[in-house]
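Participant: With the input below, show me the fold.
(3 chains)
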Amino acid sequence: MQERVKKPQFDVVGTRPIRPDGVDKVTGRAKYGADLKMAGQLVGKVLRSPHAHARIKSIDISKALALAGVKAVVTAEDFPGQPSEFIPAGEGVVNYRDMSNNVMARDKVLYEGHAVAAVAALNEKTALAALDAIKVEYEVLPHVIDEMEAIKPGAPILHEDMITTGVTPAPTKASNISKRVEFNLGDITKGFAAADLVVEREFKTKAVHQGYIEPHACLASASEDGSAELWVTTQGHWVVRAYCAKLLGWDIGKIRVTSSEIGGGFGGKTVVYLEPLALALSKKSRRPVKMVMSREEVFKASGPTSGGTVKVKMGVKKDGTITAAEAEITLQAGAFQGSPVQPACMCAFANYDLENVKVVGFDVVSNRPKVAAYRAPGGPISTYGVESVVDEIAEKLGICPIELRLKNAAKEGTRAAYGPKFGPVGLVECLEAAKESDHWKAPVGPNQGRGLAAGFWFNIGGETTVSLQLNEDGTLTLMVGTPDIGGLRASLCMMAAEELKMDVSKIRPIIADTSSLGYNFLTGGSRATFSSGMATVEAARSIVKQACGRAAKLWDIPEEAVTFEDGMIRPAGENAGKHQPMHLSDIAKVAGKTGGAIVGYAAISAQGAAPSFGVHIADTEVDPGTGKVTVTRYTAIQDAGKAIHPSYVEGQYQGGAVQGIGWALNEEYIYGDDGKLQNAGFLDYRIPVASDLPMIDTIIVEVPNPRHPYGVRGIGETPIVPPMAAIGASVRRSSGVRFFELPMSPPKVLKAMKAAGKA
Amino acid sequence: MAHVTLIGNLRQYTGDVTEFEIDAGTIRQLLRKLGEKFPELAPHLEEGLAVAIDGQIYQDALLEPISPDSEVHILPQIAGG
Amino acid sequence: MAKHHVTTTVNGDPVEYLCESEQSLLDCLRDELDLIGAKEGCSSGDCGACSVLLDGRLVCSCLILGVEAEGKNVETIEGMAQGEELHPLQRKFLEHAALQCGICTPGVLVAAKALLAKNPDPTETQVRYWLAGNLCRCTGYDKIVRAVMDAAAEMRGA
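Facilitator: Model prediction:
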């Protein structure tokens, strides 16, 4: 067993300095994806399928090309065909045939909004006229939208070569089920036989969009010698570079990608849509090409995450001990395989210490946009079902929902249902904090109900490179390659300041481009502060070592006889007191004369990421006249390991909770019988607004991660896992009705309350 | 010998065997020996896996050492949003 | 058809631009005047990222035509700080960590400034309803509301 790190005293870590990129963001100076202009740039636009499912019989671009001001048109013919194979890259494994066919349809369009062609023209008006001038002949095919319809025999088949994997013997006929997965622990038959109470329920969740306010945008400039520059809003520009190089057949090293400031991602900006098209159009037109999605395009052709069907069955003894847990999870993948069904299965029962578990999952394609990652992909969907059943068990057994969870909570040494045993984790600490919270202890308001749920996410590490330059005046320049979405630069500067005992305001961070730094995997999986922080600490320690080495040379004493403490470099041991101590900035001044610049560099593959558990408490009130649910009080409690900048940790808890509130109460993709999305705009796809919400209270629990120098865990994703079940449990008590389908929007709530005689 | 457990769908390539003892000093050696033992499994070991050694999950860490008495799980790779 | 010649005032400066009939004020600010602080999140007046003041009135600049700015006074985020001094709202947003990605921030700040000009002592509920037209997907609004209330208190000298 590993020893927990002892809680060190920090000077900078745990304080709340102003973020270094802040001023540019409150003055309008910060440059996002659509904010860069290049001389001679063209406007790129995409022609998209009006059909949910159709065969492309022909595309005639001649009239578009003949228009004055149209400089290039590309279709699937401009991209090399890719074999169907699963290659580890970026987000787990990638099938480049699917990716290529998603960014530009080949042979068939598989959803409304699927790209069919792209044009570059002198201005937007001309580009739009060119789209009108492209003639596409379609043979419209029957479509299927719902995942449970898509798996029925006789459903329209999207991919004629899709044979379900994970089933023995392998099926001989194509279906819309890409794969079946299964996770087992112990023996559920025995477990259910030992139960005094068995609760079995089926839940439905709808597809929801990440809803970043900044649409996808990029500016590409390719030159005649095969090199290219790309400015793009993304969670990972090295990943964009790799994807574009592969889809275009270009050299990775010749593409230089610069990440703009990013206006929200939440997983949705981990893939490519416009980028390869802009590069191809730029190469053809020999001009820079700027492409920006409209909000309608964002909804119809990017993201969302899966909707799904989750069946949960759990058995308990009268004393609350869970004896068996079973789930079947069917998730929409969109038009191409690859829903987050695997993590959904692995997360389903991760909150609990269980002996007997069986989880089966299905990855199902249908005529929807291909899903992209969204904050703890899959976790919120399965957790919604499981935590709702746990709440029902608590109600039926008359046990407090916190006590029931404490009785079964996963802790250090618990074998997760997906195999390995947990190291030190903080679920019990979060539940105890919930029990002691002002919120839990306060009386429930009149006509209100209170609900609680727990959540889990794995968190990851991965490849990260950081470079620190000690400047000649003693200031520091920090270069990192993980885009900063919510305060990363602040946290990294704080860790460097902590190591070097510097004033944090003397550190200037930049997000480096792909040609300036070694490989960085993307900002996702709650990894950026963890991984880039680890690399920053390593690079800072290298600076200390180099600085001590220079001092040793200046003093003519061995390097081991020099120490670094409180920002001062001192002779130690028998040399103590023999030389005037030097500040790090004194060494910086003479660096050029003692061997050259002092640069700390760390290129690592960060390992040792640790899971983060959270517990949310929600109070709601339901208007019996309209069915509208109002959240009246909310508390998010979560284990951060160690909060580097507590304000931005709280911000993650609050933001994730509110995304979950939107998922629970309002957000959904609504399709017509024609297979077209009916609410592709922020008016009809309603994300939470300020007046919908109360303050979101937070409690930061800190159970250090022994594998990080400061104890950091990832924290960004877990906050979206508990809210749907917490609100469901709360609405159960405020409305008297238990809901099994999201969103709990006013018409659905009113209908259910009427049926139950509560409205 | 490390005690190795296969999680999830990999069992279909091992004739439903999910647990075995393997003598391997690193994740790289472990994956190579697994591939030799179960040739059908070999190509799938290239497809984005995670390896947990005594509870700690490793990804893309071929050189990570495995102790002789370690508990090892091979599971699907984890990504995130 | 020839472009329109528009003469207007932006952040106190006299400016002129040429625009098409259908071009929005947002596009004119961004593309013709290189004022990129106002953002396009939806082009339908639902997200508020393009909020500016037109003769003191809070508007979504994506819903205003460029030609409508003729003779008017436009205020954008770029005009909010006075010289090297940040506006109290800008300062409070930094102190309260009221932004994460920052894409909605210019619009939220312009909207909040308009609120405080009308109502220097808003309640939490009034702040929430006034800002209901400015979508933020990162923060859950908690720290935004606190920053606005705190800035209001400071500006009142409370």
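Participant: Is there a neighbour count for residue 76? I'd like the number.
Facilitator: Reading this off chain A. 18 (other C-beta atoms under 10 Å in any protein chain shown). For every residue, glycine as well, the C-beta is placed using N, CA and C.
Participant: meant chain C, my bad for not saying
Facilitator: 25.
Participant: How about A:R106?
Facilitator: Count around A:R106 with other C-beta under 10 Å applied: 17.
Participant: Who's the closest spatial neighbour of it, skipping the chain neighbours?
Facilitator: Nearest non-adjacent residue to A:R106, counting by C-beta to C-beta, 6 or more residues apart in numbering or on different chains: A:A76, 4.0 Å away.
Participant: how close does that neighbour get to chain B?
Facilitator: 26 Å (C-beta to the nearest C-beta, to the nearest Å).
Participant: do A:P611 as well
Facilitator: With C-beta to the nearest C-beta as the criterion, A:P611 and chain B are 9 Å apart.
Participant: Repeat that for A:V590.
Facilitator: Distance from A:V590 to chain B, by C-beta to the nearest C-beta: 38 Å.
Participant: Tell me where the model's unsure across chain C.
Facilitator: C:1 (pLDDT under 70).
Participant: Could you list the domains of it?
Facilitator: When chain C is parsed with automatic domain parsing, its domains come out as C:4-79, C:88-156.
Participant: For the residue of chain C found nearest chain A, which non-adjacent residue is closest in space?
Facilitator: With C-beta to the nearest C-beta, the shortest gap between chain C and chain A falls at C:G37, namely 2.2 Å. Leaving aside its chain neighbours, C:G37 sits nearest to A:G28 (2.2 Å; criterion: C-beta to C-beta, 6+ apart).
Participant: Count the neighbours of the residue lying closest to A:A30 once chain neighbours are set aside for me.
Facilitator: Take A:A30 and drop its neighbours on the chain: the residue closest to it by C-beta to C-beta, 6+ apart is A:D24, 4.1 Å away. Counted with other C-beta under 10 Å, residues neighbouring A:D24 total 13.
Participant: How about A:D674?
Facilitator: 12.
Participant: Confirm the residue nearest to A:A30 sits in a helix?
Facilitator: Yes. Assessed by DSSP: H, G, I helix; E, B strand; the rest coil, A:D24 belongs to a helix.
Participant: Go ahead and confirm it touches A:Y32.
Facilitator: No. In this structure, A:D24 is not within contact of A:Y32 by C-beta atoms under 8 Å, at 10.8 Å.
Participant: where do the helices sit along the stretch 601-750 of chain A?
Facilitator: A:646-665, A:723-735, A:746-755 (DSSP state H, counting those that start in this stretch).
Participant: Out of those, which gets nearest to C:A152?
Facilitator: helix A:646-665 (20.0 Å; C-beta to C-beta).
Participant: Dump that closest one to PDB, restricted to CA.
Facilitator: Taking C-alpha atoms only, helix A:646-665 is exported to PDB below (Å, rounded to 0.1, in the frame of the first residue of the first chain):
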ATOM      1  CA  PRO A 646      -9.600  27.100  -5.200                       C
ATOM      2  CA  SER A 647     -11.600  29.700  -7.200                       C
ATOM      3  CA  TYR A 648     -11.200  27.800 -10.400                       C
ATOM      4  CA  VAL A 649     -11.800  24.500  -8.700                       C
ATOM      5  CA  GLU A 650     -15.100  25.900  -7.400                       C
ATOM      6  CA  GLY A 651     -15.800  27.200 -10.900                       C
ATOM      7  CA  GLN A 652     -15.500  23.700 -12.300                       C
ATOM      8  CA  TYR A 653     -17.800  22.300  -9.600                       C
ATOM      9  CA  GLN A 654     -20.400  25.100 -10.300                       C
ATOM     10  CA  GLY A 655     -20.200  24.900 -14.100                       C
ATOM     11  CA  GLY A 656     -20.400  21.100 -14.200                       C
ATOM     12  CA  ALA A 657     -23.300  21.100 -11.800                       C
ATOM     13  CA  VAL A 658     -25.200  23.700 -13.900                       C
ATOM     14  CA  GLN A 659     -24.600  21.700 -17.100                       C
ATOM     15  CA  GLY A 660     -26.000  18.800 -15.300                       C
ATOM     16  CA  ILE A 661     -29.000  20.900 -14.200                       C
ATOM     17  CA  GLY A 662     -29.600  21.700 -17.800                       C
ATOM     18  CA  TRP A 663     -29.400  18.100 -18.800                       C
ATOM     19  CA  ALA A 664     -31.800  17.200 -16.000                       C
ATOM     20  CA  LEU A 665     -34.400  19.800 -16.700                       C
END
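Participant: helices or strands up against that helix?
Facilitator: Judged by 3 or more C-beta pairs under 8 Å, 6 or more residues apart in numbering or on different chains; DSSP states H and E, helix A:646-665 is in contact with strand A:612-622, strand A:629-639, strand A:696-701, helix A:723-735, helix C:142-156.
Participant: So in that sheet, which strands flank the second one, and in what orientation?
Facilitator: Strand A:629-639 has these partner strands in its sheet, going by DSSP bridges: strand A:612-622 (antiparallel), strand A:696-701 (parallel).
Participant: Let me see the ranges of the strands in chain B.
Facilitator: Under the criterion DSSP state E, strands of chain B are mapped to B:2-6, B:19-22, B:49-53, B:56-59, B:71-76.
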